[in-house]
Structure formats: structure tokens, C-alpha cells
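> task: produce atomic coordinates for the following.
(chains A, B, C and D)
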There are 2 protein chains.
Amino acid sequence: MKSTQRPPLPSGSLSGNDILSALLNSEYRRLEPKLDMVELWRGQVIYKADQRIRHVYFPQGAVVAMVDTLDSGGTVEVGVIGNEGMVGINIFLGCMVTPDKAIVQIAGNAMRMKTSDLRNELRFGSPLQRLLLRYTQALLAVISQSVACSQHHLIAPRLAPWLLTMRDYSRSGTIEMSQAHIAAMLGTRREGVTEAALKFQAEGLISYSRGKIFILNDAGLKKKTCECYRFIKKQFGGVIKDVPKVLGVAGQAVVRAGKVKAH
Amino acid sequence: MKSTQRPPLPSGSLSGNDILSALLNSEYRRLEPKLDMVELWRGQVIYKADQRIRHVYFPQGAVVAMVDTLDSGGTVEVGVIGNEGMVGINIFLGCMVTPDKAIVQIAGNAMRMKTSDLRNELRFGSPLQRLLLRYTQALLAVISQSVACSQHHLIAPRLAPWLLTMRDYSRSGTIEMSQAHIAAMLGTRREGVTEAALKFQAEGLISYSRGKIFILNDAGLKKKTCECYRFIKKQFGGVIKDVPKVLGVAGQAVVRAGKVKAH
DNA sequence: ACGGGTATGTTCGATATCGCACAATAGGCG
DNA sequence: CGCCTATTGTGCGATATCGAACATACCCGT
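Sure, this is the predicted structure:
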């Protein structure tokens, strides 16, 4: 179905894509006819590695993971994309294929756009381009941090921020993931996740059962995180906030910016 | 000193920055007055983390590492930038600061440009922008792979591609690095590097002494690498090759493209 | 209520890496 | 030549993670 009106969502809300929201109305109207609202279901594979990309996605509620798979079969989540971003950044960067797999972590909506339309839109140094550049910067920073994180941090401190991040994304407050799946994302064994989860549960920080995880003590779990949680929040927090300065005169965009994330 | 003439280097040679070389002569001439040739010495810190960036660098012989430092003091090299790229990609992406440290691994020259000049140049959808976008894509892919690599691969298979990469960059064929420094780049202990190096030496693949490493058996060492070595070469190999297609109508650029990288 | 499949808990030996301490060696420099 | 320092070699106990096997518990559909 084609979206016929701009969703009038409060900024910082769980739905509504931040990048699209940061566009001026006039710009958004130009893109609008090229955008389709689609539903993404949990587990859906949006891109396979080395596959040609036909669409990019601006999540509105949905959350998508970029997953790397090694020859050995080992996997890691290298990045997560929610309302703050766009799935298919490679297209924007001038490449038609992605080396990663993109898989839906949290079901939800997304605005879909043909790659050709996106590339067309980027001809002129559009505000969309500025936004995407700035988003790429944040993504790059976060992925860089992940290199350090996966190298130096223990499983529990890595699990904690992962859970908090997913909860932040999730509309319901419940994280719907099996421990086996989480292990695949962290690039560790399932048993390692179980052990850490048990510890957190024993301390009353979380509770879970068969693929449904609740965070009981937010602040407590935050104390268990490695430094990377703060870093990630900081990076993505800045994406929209920073850009209006570039838009400058654009006015309206600045209004939206002030409200982003009470945090 | 200001560079007053375009260095007439064979493409694929060790000097001459690939991105600058891929520009049309007319475009290069526009940039030329803004470019300064500078010498970078080994160990030089070009940016500190969270520091405001004043210049970007197009290496011509020099090699620069992007290094992440954690609260614990642990470090990792998240990316390496040589003739194929630009140091300060964050500027291009719309941010004035970098979360990483940039440190010179191999002494050499680089063309330096003020950040303001770069940002100015990028106003119009210039070919330079296309090249930098494409380069960013490669960097992103390589860093993503690093996440998986540091998570799943053992020290020796990670050391091997690191050595080969450095040797590829180095003009002399000698790698000038202490094992302690290499350990900091891989994010492991020095002893772990020593152990792997001893093994390689015993097998006649390398020889070394006090911070000077020679690769004796290229093919043999390649066999010890994890899959990531091929991946990295593939990603950076495509940067220049892919872009002229985007330039499309620009003509002339295609001519240069044919010559890039005998590989 | 029952059965099957998925998710989670538990154990245990193997392994890679860590952290530390200290010995040995090679160059540079006076 | 001999000292000094950076670099490399080595040993060892501690620890985190791995890999695999198996037990238990829960949910869903019939």
C-alpha cells in the first residue's frame, strides 16, 4: 500500500523514521510518492550477503540487524538499524550489493524505496544526503566501537547493553528473542548467554521465559553494561540533532530537533 | 610546501593517492591549490579521539591506522588507511570530530587539505564526493568484517593478514613494528603475538629481529590467514574500479579506470 | 490431556587467551 | 668496550570461552 499522508507523529516516538522526519515538508512531499509502507516480520531476511539490493528501508517501528557470517559458520551482529536510520546504506554509498545479511529483529513497519529512486534523489546535494552522511558517520563509529567491544569485553557486559538497546527499540518493552538467537548476534555460544542471563535474573535485573525477556531493573542493568552502551546512544542521539545546523535556514527542522529523546 | 604539479605516477604504484588520481584533470586542478604535501613520521598522532579535525589527508606512501582505545586502556586497530583512501573520513560524513585516534604506521607523504576546503568542495555533487562515498563503503565493509574477525579468529590467523597487509603497503618490503605494537593493533597481548611470530618463523614464513619483520614466504603466509585478508583486498580493490561507472557521462574518467591496479 | 518441538539449565573436559614475572638478547650510544 | 634500554623469549597459574552432550521445562497444537 502506498502511504498517502505524512504520519503526524511526535518526534522521539517509537514510530516515524527520524531521517524522514527531519526532512522539510517540501522535500518529504517530493519523496512521498516513491515511498511504500511495508510490514516487516521478525526473522525476515531483507538482504542476503552479496545480493543485489533493490530497495532501501526507513524503519518505523521495525528493527533490522546487519549480520556478518564467516566461512566457519560463525555470525556476529555488526550493527542495528531502527527508526534513527536506513537499511541499505551501501546503496547510498555507491554500491549495489551488501557484504552483510540484513535480518529483521523486531517486527514493525518501514518505508520502502526503490534503490533507483534513492540514487536519483541524491543527484543534487539534497538534505537527505546530508542526513544519510551523518547517519553513516554514526554507524561507522558504532561499528568501530564494536570491534573493540567484541575484542575486549566479556559476555555479560556485552549482553546487558544489547538487551537495553533492544528494549529501547521495542514498542512493547518485551524483548522477543531466544537466547540462541542472542548468542548468534553477540557471536558467542548459547550457553554463554544462558549463564549471563541467569546471573542477571538472579540479581533481579531481568526475567525471562522461552524467548520473552523483560527488564525489571533498568538502572541496575545499565550498571552491568560495558562503556559501549553509552557510546552507542551518544552516537545515534547526535544524528538528527547535528544535522539541522547544516540545513541552517530550514527552520522547522530545528523545532523537531529539540525534542528528540528525553533519554 | 605546496605541491605545484600533479605527480605523474603510474597508477597502482606505491605513491600517488588513488582517490586523487581518479579525478579528472580539470577537477584535480581545482583542488590542487588547496593541497599541501606533508611528511608523516612513524608514530605520529594525526588525530586524538574526540578532537576537532582541522585537516584531512590523502596518503601517498604513508599509512595511517584508526585506533580505538577503551576505558580499560585496551586498544584495537579498527581500520588502516593507505593510498587507496583518505584520513578524516568523518569530516566528509559531516562530523567535525573523530571518535578514534589516527596514528601513522608507516612513514611517508600525504596530501593535506583543510577541512573547510574539503567541505566546500563537497557542496556540489562532485566526483570527489562519489569517490569518497565509495571509499566509505569499502571502509565500512572492512570494519564490519573486523568485528567478526576479532570475535571468531585466533591470533595467528589474524596476525598473518595483518603482516601481509602492512607489507603490501610498505615500500621497502620490511615491516617496522615491534611485537608489542602489533599486539596493541590486534587488541591482544604481546606474548600472544610473540608466540604466533615464533611459529611463523619456525616454519620459515617470516624472519624478524627487534622491530623489523621480513616476509620470506608469501604464499605460505597467505595460507595461514583467515578469510578476512581476501575480503579486505577485494573491498579496497573495488573502490576506484567501481566509481567511473557512476561518473558515467563524464567520459575521460573511464580511461584512467582501465589502468588502475594490475593487482 | 498428551506429545513433540523448542527453549533453557547444567555439567565437564579442552583450549585459547590472559596476567604476570622474569630471563635473555640485541642495538644504540657514550 | 660496556652500559642501558627496547625488544623478544619463556614459564605458569588463572580465567573465559568453547564444544559437546544431556537433562529439564515450557508452549503449542491436536
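> please name the nearest non-neighbouring residue to A:Q235.
Distance criterion CB to CB, 6 or more residues apart in numbering or on different chains; nearest residue to A:Q235, sequence neighbours excluded, is A:A138 at 4.3 Å. All C-beta atoms are positioned from the backbone trio N, CA, C, and that covers glycine.
> got it, and A:L93?
With sequence-adjacent residues excluded and distances taken as CB to CB, 6+ apart, A:L93 is closest to B:Q137, at 3.6 Å.
> about what we covered before: count the neighbours of the residue nearest to A:Q235 for me.
Residues lying near A:A138 (other CB atoms under 10 Å in any protein chain shown) number 25.
> you'd agree it is up against A:K233?
No. Using CB atoms under 8 Å as the test, A:A138 is too far from A:K233 to be in contact (10.7 Å).
> what is the least confident helix or strand in chain A?
Least confident helix or strand, chain A: helix A:252-259 with a mean of 35, by mean pLDDT, DSSP states H and E.
> what's around whichever residue of the stretch 1-150 of chain A sits closest to DNA strand C, how many residues?
The nearest approach of the stretch 1-150 of chain A to DNA strand C comes at A:G43, 9.8 Å away (CB to the nearest atom of the strand). By the other CB under 10 Å criterion, the neighbourhood of A:G43 contains 10 residues.
> same thing with A:R171?
A:R171 has 13 nearby residues by other CB under 10 Å.
> phi and psi next, for it.
phi -60, psi -40 (degrees, to the nearest 10).
> that one contacts A:A62, correct?
No. Contact between A:R171 and A:A62 fails when scored by CB under 8 Å: they sit 10.2 Å apart.
> what do those two both touch?
Residues touching both A:R171 and A:A62 (CB atoms under 8 Å, 6 or more residues apart in numbering or on different chains) are A:G108.
> report the separation between the residue nearest to A:C228 when sequence neighbours are not counted and B:Q51.
With sequence-adjacent residues excluded and distances taken as CB to CB, 6+ apart, A:C228 is closest to A:C149, at 4.6 Å. From A:C149 over to B:Q51 the distance is 22 Å, taken as CB to CB, to the nearest Å.
> looking at those two, which one has more neighbours?
The neighbour count for A:C149 versus B:Q51, taken as other CB under 10 Å, is higher for A:C149 (26 against 14).
> quick one: A:R189 and A:A183 touch, right?
Yes. Using CB under 8 Å, A:R189 is in contact with A:A183, at 5.8 Å.
> what's the angle from the helix or strand containing the residue nearest to A:L93 to helix A:127-152?
In the assignment (DSSP states H and E), B:Q137 maps to helix B:127-152. In terms of direction (axes from the mean of the first three to the mean of the last three CA atoms, to 10 degrees), helix B:127-152 departs from helix A:127-152 by 20 degrees.
> near DNA strand C, anything from helix B:127-152?
No. Helix B:127-152 lies out of reach of DNA strand C by CB under 7 Å from any atom of the strand, never closer than 9.7 Å.
> let me see the mean pLDDT of that helix.
What helix B:127-152 shows for mean pLDDT is 96.
> likewise for stretch A:37-55?
The average pLDDT for stretch A:37-55 rounds to 96.
> any part of it near chain B?
No. Residues of stretch A:37-55 contacting chain B under CB under 8 Å from any CB of the partner chain: none, with a closest distance of 10.7 Å.
> try stretch A:154-173
No. On the criterion CB under 8 Å from any CB, stretch A:154-173 is out of touch with chain B, staying 10.2 Å away.
> and stretch A:74-92, by the same measure?
Yes. On the criterion CB under 8 Å from any CB, stretch A:74-92 is in touch with chain B at A:74-76, A:78-79, A:89-90, A:92.
> please apply the same query to stretch A:63-72.
Yes. Using CB under 8 Å from any CB, stretch A:63-72 comes into contact with chain B via A:66, A:68-72.
> flag every residue of the stretch 51-200 of chain A that's near DNA strand C.
Contacts of the stretch 51-200 of chain A with DNA strand C, taken as CB under 7 Å from any atom of the strand, map to A:178-180, A:190-191, A:194-195, A:197-198.
> ok so, going back, residue contacts, the residue nearest to A:L93?
By CB under 8 Å, 6+ apart, the residues touching B:Q137 are A:90, A:93-95.
> and what of A:I91?
Neighbours of A:I91 in contact, by CB under 8 Å, 6+ apart: A:53, A:56, A:115, A:118-119.
> from these, which land in strands?
Cross-referencing the contacts of A:I91 against strands under DSSP state E gives A:V56.
> now the contacts of A:I91 in JSON lines, with distance to DNA strand D and neighbour count?
Converted to JSON lines, those look like this (distance: CB to the nearest atom of the strand, whole Å; neighbours: other CB atoms under 10 Å in any protein chain shown):
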{"residue": "A:I53", "distance to DNA strand D": "30", "neighbour count": "19"}
{"residue": "A:V56", "distance to DNA strand D": "33", "neighbour count": "23"}
{"residue": "A:T115", "distance to DNA strand D": "36", "neighbour count": "17"}
{"residue": "A:L118", "distance to DNA strand D": "37", "neighbour count": "21"}
{"residue": "A:R119", "distance to DNA strand D": "39", "neighbour count": "15"}
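> now distance to B:G238 too, for the contacts of A:I91, in TSV please.
Below are those laid out as TSV (distance: CB to CB, whole Å):
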residue	distance to B:G238
A:I53	16
A:V56	20
A:T115	18
A:L118	20
A:R119	18
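> out of the contacts of A:I91, list just those in helices.
A:115, A:118-119 (DSSP state H).
> surely A:G16 is in a strand?
No. Assigned with DSSP: H, G, I helix; E, B strand; the rest coil, A:G16 falls outside any strand and is coil.
> ok, back up a step: who has more neighbours out of A:R189 and A:A183?
Taking other CB under 10 Å, A:R189 and A:A183 do not tie; A:A183 has more neighbours (21 against 14).
> quick one: mean pLDDT for the helix or strand where that one lies?
For A:A183, the host element (DSSP H and E) is helix A:179-186. Averaging pLDDT along helix A:179-186 gives 98.
> need the residues of stretch A:63-72 next to chain B in TSV (columns: pLDDT).
Converted to TSV, the residues of stretch A:63-72 next to chain B look like this (pLDDT from 0 to 100):
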residue	pLDDT
A:M66	98
A:D68	97
A:T69	97
A:L70	97
A:D71	95
A:S72	95
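> mark which of those are buried, thanks.
Using 16 or more other CB atoms under 10 Å in any protein chain shown as the burial test, the residues of stretch A:63-72 next to chain B include A:66, A:68-70 as buried.
> count the neighbours of the closest residue to A:I106 other than its chain neighbours for me.
Nearest non-adjacent residue to A:I106, counting by CB to CB, 6+ apart: A:V63, 3.9 Å away. Other residues near A:V63 come to 25 when the count uses other CB under 10 Å.
> and A:V63, what does it touch?
A:80-82, A:104-106, A:108, A:166, A:169-170.
> quick one: stretch A:186-200 near DNA strand D?
Yes. Using CB under 7 Å from any atom of the strand, stretch A:186-200 reaches DNA strand D at A:187-189, A:191-192.
> so which residues of chain A form strands?
With DSSP E as the criterion, chain A has strands spanning A:36-40, A:45-47, A:55-60, A:63-69, A:75-81, A:101-106, A:108-114, A:174-176, A:206-209, A:212-215.
> next, format those strands as TSV and append distance to B:A156.
Rendered in TSV, the data for the strands of chain A read as follows (distance: least, CB to CB, whole Å):
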stretch	distance to B:A156
strand A:36-40	41
strand A:45-47	33
strand A:55-60	39
strand A:63-69	21
strand A:75-81	20
strand A:101-106	28
strand A:108-114	42
strand A:174-176	37
strand A:206-209	38
strand A:212-215	37
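> among these, which comes closest to B:M37?
B:M37 sits nearest to strand A:75-81 of all the strands of chain A, at 36.2 Å, using CB to CB.
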